[in-house]
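Chemist: Okay, sequence plus prediction incoming.
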Amino acid sequence: MINLGYAALGFTPSAQSYALAEQLVQRTSRLLAELGCSSPQADVYTALIAGLCAQQIANDPGGDRWTRHLEPLLELFLDHFPDPSEPR
């Protein structure tokens, strides 16, 4: 599957839908920053979640083929970017 960031050629979301998406991105960025995530860490987080969602929607809508991997994927993310305030 190749996803270039659009669901249908020529599709333009409504202003209301786009505003909701922007609000979600801003809120997620703010929460990640509050948790101490750097910009590169937030980029990796976003790529993981977006990729998982894209695969789920494209290949198993209504199922859990991809979303069931969310917790292990987040554990890998947390292991790769440990909290600097916690002893290793």
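Modeler: Looks like it arrived, so ask away.
Chemist: Okay, helices next: where are they in this structure?
Modeler: 15-34, 39-59, 70-80 (DSSP state H).
Chemist: Which of the ones you listed sits closest to Glu86?
Modeler: Glu86 lies closest to helix 70-80 among the helices of the chain, at 10.4 Å (Cβ to Cβ). C-beta coordinates here come from the backbone N, C-alpha and C atoms, glycine included.
Chemist: Can you spell out which helices and strands pack onto the closest one?
Modeler: helix 39-59 (3 or more Cβ pairs under 8 Å, 6 or more residues apart in numbering; DSSP states H and E).
Chemist: any idea of the mean pLDDT in the helix it packs on?
Modeler: Taken as a whole, helix 39-59 carries a mean pLDDT of 92.
Chemist: Need the contact partners of that helix.
Modeler: 1, 3, 28-29, 32-33, 37, 63-67, 69-70, 73-74, 77, 80-81 (Cβ atoms under 8 Å, 6 or more residues apart in numbering).
Chemist: Give me the buried entries from these.
Modeler: By neighbour count, with 16 or more other Cβ atoms under 10 Å, the contacts of helix 39-59 hold 32, 37, 66 as buried.
Chemist: now those residues in a markdown table, with distance to Gly10?
Modeler: As requested, the buried ones among the contacts of helix 39-59 are exported to a markdown table (distance: Cβ to Cβ, whole Å):
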| residue | distance to Gly10 |
| --- | --- |
| Leu32 | 33 |
| Cys37 | 35 |
| Trp66 | 27 |
